[in-house]
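I'll drop the sequence and a predicted model, then ask my questions.
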Amino acid sequence: MKRVKDIPYFKNIREIREYSFGKFYFFDGLVISEINQGITFNWKMAERAIKAAKEIFGDEMPVAYISNRVNEYYVVPTDWSKFFANRHRLLLYSVVGETKGSFASLMLEKIFFGSSINKFHDIEDAISWNLKQLKSKRAKDFINQNGLSPHMK
């Protein structure tokens, strides 16, 4: 499986934050995580990544999150309720990879996330799709904020 540092898109990176539990790559509205082997990823860890995203992107930018599961680790799915209780916004959530036990974990995450989770087998496909969705969202927001008709050219 490909790591972020090994793909051509890496040159577009804005910032990297490395923690004891994993690395987070920040692009324009896109956060990609690579959590370390054997970690149980919980709310305290997620808070650190959220704080970094706010520092880098601000509070208003729509954010897409990609979990590049290059290692086997666990997620505490019930911590998604803490995410929403703290009024955090996440436009898109995608998972890349096929690790042992990831299907069961993904099913639990879907229950607590409350929105669709997009699944990919390749990190470059996930980045491409998420960037396209972010671009579309920004275009719609621009039209709405400026009172333009979506049919105007």
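Arrived safely.

What are the buried residues along stretch 8-23?
Of the residues in stretch 8-23, 9, 17, 21-23 count as buried by neighbour count, 16 or more other CB atoms under 10 Å. No exception for glycine: its C-beta is placed from N, CA and C like everyone else's.

Helices of this protein, residue ranges please.
With DSSP state H applied, the chain shows helices at 43-57, 80-85, 102-113, 123-145, listed in chain order.

hey, least reliable of those helices by pLDDT?
Sorting the helices of the chain by mean pLDDT places helix 102-113 lowest, at a mean of 52.

residues in contact with the closest residue to V4 other than its chain neighbours?
If you skip the residues right next to it in sequence, V4 has Y25 as its closest partner in space, 4.9 Å away by CB to CB, 6 or more residues apart in numbering. Y25 makes contact with 4, 10, 13, 15-16, 31-34, according to CB atoms under 8 Å, 6 or more residues apart in numbering.

want to try CSV for the residues you listed, with distance to W129 and pLDDT as columns?
What follows is those, written out as CSV (distance: CB to CB, whole Å; pLDDT from 0 to 100):
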residue, distance to W129, pLDDT
V4, 15, 95
F10, 18, 92
I13, 18, 91
E15, 22, 96
I16, 22, 97
V31, 15, 94
I32, 13, 96
S33, 17, 95
E34, 18, 97
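
Looking at those, spot the one nearest R138.
Distance to R138, by CB to CB, is smallest for V31 among the contacts of Y25, at 16.2 Å.

Tell me who's in contact with the closest one.
For V31, the contact set (CB under 8 Å, 6+ apart) comprises 24-25, 49, 53, 63-66.

likewise L92?
Under the criterion of CB under 8 Å, 6+ apart, the neighbours of L92 are 64-65, 118, 130, 133-134.

if you set the cut-off to 10 Å instead, what comes out?
Listed by CB atoms under 10 Å, 6 or more residues apart in numbering, the contact partners of L92 are 29-30, 62-66, 115-118, 126, 129-130, 133-134, 137.
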